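1. Here is the input, now give the coordinates:
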Amino acid sequence: MVELTATLPLDDGPLEAGGARLRLVESGPITALAPYKGAEARLSAALQVAHGMGFAGPGQVGQAGPGRCIWAGLRMAWLVGVRADEGLAAHAALSDLSDGWVCLRLEGAAEEVLARLTPLDLRRGAFPEGRSARSELAQMPALFVRDAAGFEMFVMRSMARSAWGEIALAMQGVAARG
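-> Residues are numbered from 1 along each chain as shown. Prediction:
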């Protein structure tokens with residue numbers, strides 16, 4: 001019998017250029033939560049009991065311990081960092097996305113770098129800490145999350161190398177400018 005071994009989507013180490021630092025981070029489990037029609041309030045209450053946070057509203061990120069509930073689109077949130085309690089299935093469709101998405105972290109001059117790659121206005125005044133948004137990252141679908149240190153960008157695992165390359169190129173452009 002063949003044994004399969006999970007591998008990282010990227011073997012590149014941290015990259016620094018243009019005052020920014022890029023690295024791959026382990027997000028832990030990722031579960032999409034799509035509440036059934038009329039069940040969003042019940043899902044939020046069940047999430048509060050099971051994980052200490054409610055269902056994330058548009059553009060919001062909730063956190064309790066290692067877990068986060070991140071708004072990920074219309075009537076959709078991702079539970080990241082903890083395994084979803086099985087009781088949530090009574091109120092929402094649950095989909096394990098852990099193997100399909102990766103998380104890249106960009107710190108430092110992240111706003112300047114990302115201004116070259118996404119149409120989002122990611123300046124702190126327009127996109128403060130604790131916010132999330134779905135958009136494109138160099139024409140690839142991505143979920144952006146702002147925290148105190150910078151940004152996390154969730155991209156499809158199959159596009160991780162392309163996303164890394166595009167961000168690295170933008171970092172070099174920022175470095176050349178300055």
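2. okay, how far is it across stretch 101-120, tip to tip?
-> By C-alpha to C-alpha, to the nearest Å, the extent of stretch 101-120 from end to end equals 20 Å.
3. Could you pull out the buried residues of the helix ranked longest in the chain?
-> For the chain, the helix that runs over the most residues, judged by DSSP state H, is helix 160-177. Using 16 or more other C-beta atoms under 10 Å as the test for burial, helix 160-177 gives 160, 163-164, 166-168, 170-171, 174. In short, each C-beta sits where N, CA and C put it, glycine included.
4. cool, stretch 9-27 as well?
-> Using 16+ other C-beta under 10 Å as the test for burial, stretch 9-27 gives 9, 15, 17-18, 20-24, 27.
5. domain assignment for the protein?
-> If you go by automatic domain parsing, the domain ranges for the chain are 15-27+99-177, 30-96.
6. neighbours of the residue nearest to Glu40 when sequence neighbours are not counted, just the number please.
-> In space, Glu40 comes closest to Phe55 once its chain neighbours are excluded; the distance is 6.1 Å by C-beta to C-beta, 6 or more residues apart in numbering. Taking other C-beta atoms under 10 Å as the criterion, the count of residues near Phe55 is 27.
7. again with Glu40
-> A count of nearby residues for Glu40, using other C-beta under 10 Å, gives 19.
8. again, but for the one 4 residues further on
-> For Ser44, the number of neighbouring residues by other C-beta under 10 Å comes to 20.
9. List the contacts of the residue nearest the centre of the chain.
-> The centre of the chain sits closest to Phe154, judged by C-alpha atoms, centre = their mean, with a distance of 3.7 Å. Residues near Phe154 by C-beta atoms under 8 Å, 6 or more residues apart in numbering: 27, 30, 78, 101-104, 142-143, 145.
10. In those residues, find the pair that's most separated.
-> Trp78 and Leu104 (15.4 Å; C-beta to C-beta).
11. Between these two, point out the one with more neighbours.
-> The neighbour count for Trp78 versus Leu104, taken as other C-beta under 10 Å, is higher for Trp78 (27 against 22).
12. tell me the secondary structure for that one?
-> Of the three states, Trp78 takes strand under DSSP: H, G, I helix; E, B strand; the rest coil.
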